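Asks: Fold the following.
(one chain, ligands or ions: 2)
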Amino acid sequence: MDPFRERADKSDMQLVLEKSEKPKVDDRKMWIRIGARSGHTLLSLFVISSICINKHSTIYLSATNGDMFELISFAVLVTLTYLFYLTASLMDPGYVPIQSEENESDRITLIKSEQGYYCRWCDQNQPLRSKHCRDCGRCVRRFDHHCPWLGNCVGERNHRVFLLFLLFEDFLILRCIQMLWEAIYPAEDIIEWIQYNGILCVSAVILLIGALAVSALLCCHIYLVLHGLTTWEHVSHGKITYLRRWPEDNSPFNFGYCKNCYVFCCYCSTQNWEKYLKTLT
Ligand SMILES: [Zn+2]
Ligand SMILES: [Zn+2]
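Replies: Ligands and ions are numbered 1, 2, ... in the order given. The predicted structure is shown next:
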């Protein structure tokens, strides 16, 4: 009998329940994902169009005067940002392939080592730095976090694209704030001022919240990349077996700022992280 099964007796009923309820949960999660992507698209369209069709905005005035540079450069920025969003949202974040046949002796060794590299939901061995995502229902390599805004996990394969999305989104938000500030019409009467600038004020609130959230997230991810960590490893440092004996903000995968950036940006294939751990133990 599989020794893991013996140890996991207590959670067998839970597993049966989860499996029987899976179709309903999947449907709900699919709609949440569609809602998040549609919400992002509609919110972006509302803010961008509220600025671009405003008759006092520099982009509208320059386009009507035949100077298309501002409009084209802004359109390029919007397109790139949305492409990075869609790519990070729709691409495989690094799902661990489901293996139908597993080597029993390897499985037993991993359980005996008590490193916890086994996923009971996927019923298979789990590579180092991977974590099972309940929202995606799969183990994700070099798991960072599940992003509800993307409706997808951020993992080994799409982390770079996610960082690019944050960078471009931040540029776009700051550019929108600048254009919105220039578009405000200085009417003297308060009613007239609201008539001209009411929609811009709604966009300004959305942009300010977005600027704070995206800038904070961008800074956090730059910090994590520099330290060779993921969000999950940083938040759960003390609970992760392979990080316990390492001081906080450090890990066996911290090769120094330059090499961390190089590994993050240039290593496109999936990494054998076990190899790095073995060389250090
Ligand atoms: Zn799993
Ligand atoms: Zn996920």
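
Asks: Leaving out sequence neighbours, find the closest residue to residue 265.
Replies: Closest residue to residue 265 apart from its sequence neighbours, by C-beta to C-beta, 6 or more residues apart in numbering: residue 160 at 6.5 Å. The C-beta positions use only the backbone N, C-alpha and C, and glycine is treated the same way.

Asks: Mind giving me the packing neighbours of the helix or strand the one you found falls within?
Replies: Using DSSP states H and E, residue 160 falls within helix 159-183. Contact analysis of helix 159-183 by 3 or more C-beta pairs under 8 Å, 6 or more residues apart in numbering; DSSP states H and E lists helix 12-52, helix 58-64, helix 69-90, helix 190-226, helix 257-266 as its packing neighbours.

Asks: how about it: buried residues?
Replies: Of the residues in helix 159-183, those with enough neighbours to count as buried (16 or more other C-beta atoms under 10 Å) are 159-170, 172-173, 175-177, 179-180, 183.

Asks: does any bit of that helix sit next to ligand 2?
Replies: No. Among the residues of helix 159-183, none lie within reach of ligand 2 under C-beta under 5 Å from the ion; the closest is 12.4 Å away.

Asks: Next one: the residue nearest to residue 265, what pLDDT does it get?
Replies: The confidence metric pLDDT takes the value 95 at residue 160.

Asks: do residue 64 as well
Replies: On pLDDT, residue 64 comes in at 91.

Asks: okay, now it: neighbour count?
Replies: 9 (other C-beta atoms under 10 Å).

Asks: Hey, what's the angle from the helix holding residue 160 to helix 69-90? Just curious.
Replies: Angle between the axes of helix 159-183 and helix 69-90 is 150 degrees (criterion: axes from the mean of the first three to the mean of the last three C-alpha atoms, to 10 degrees).

Asks: Residue numbers of the stretch 1-150 of the chain in contact with ligand 2?
Replies: Contacts of the stretch 1-150 of the chain with ligand 2, taken as C-beta under 5 Å from the ion, map to 133, 135-136, 146.

Asks: and the residues you listed, which two are the farthest apart?
Replies: The most widely separated members of those are 136 and 146, with 6.7 Å between them, by C-beta to C-beta.

Asks: Point out the residues in the stretch 151-281 of the chain that sit beside ligand 2.
Replies: By C-beta under 5 Å from the ion, the residues of the stretch 151-281 of the chain that approach ligand 2 are residue 153.

Asks: Please name the spatially closest residue to residue 152 (chain neighbours excluded).
Replies: When the adjacent residues along the chain are set aside, residue 152 lies closest to residue 89, with 5.1 Å between them (C-beta to C-beta, 6+ apart).
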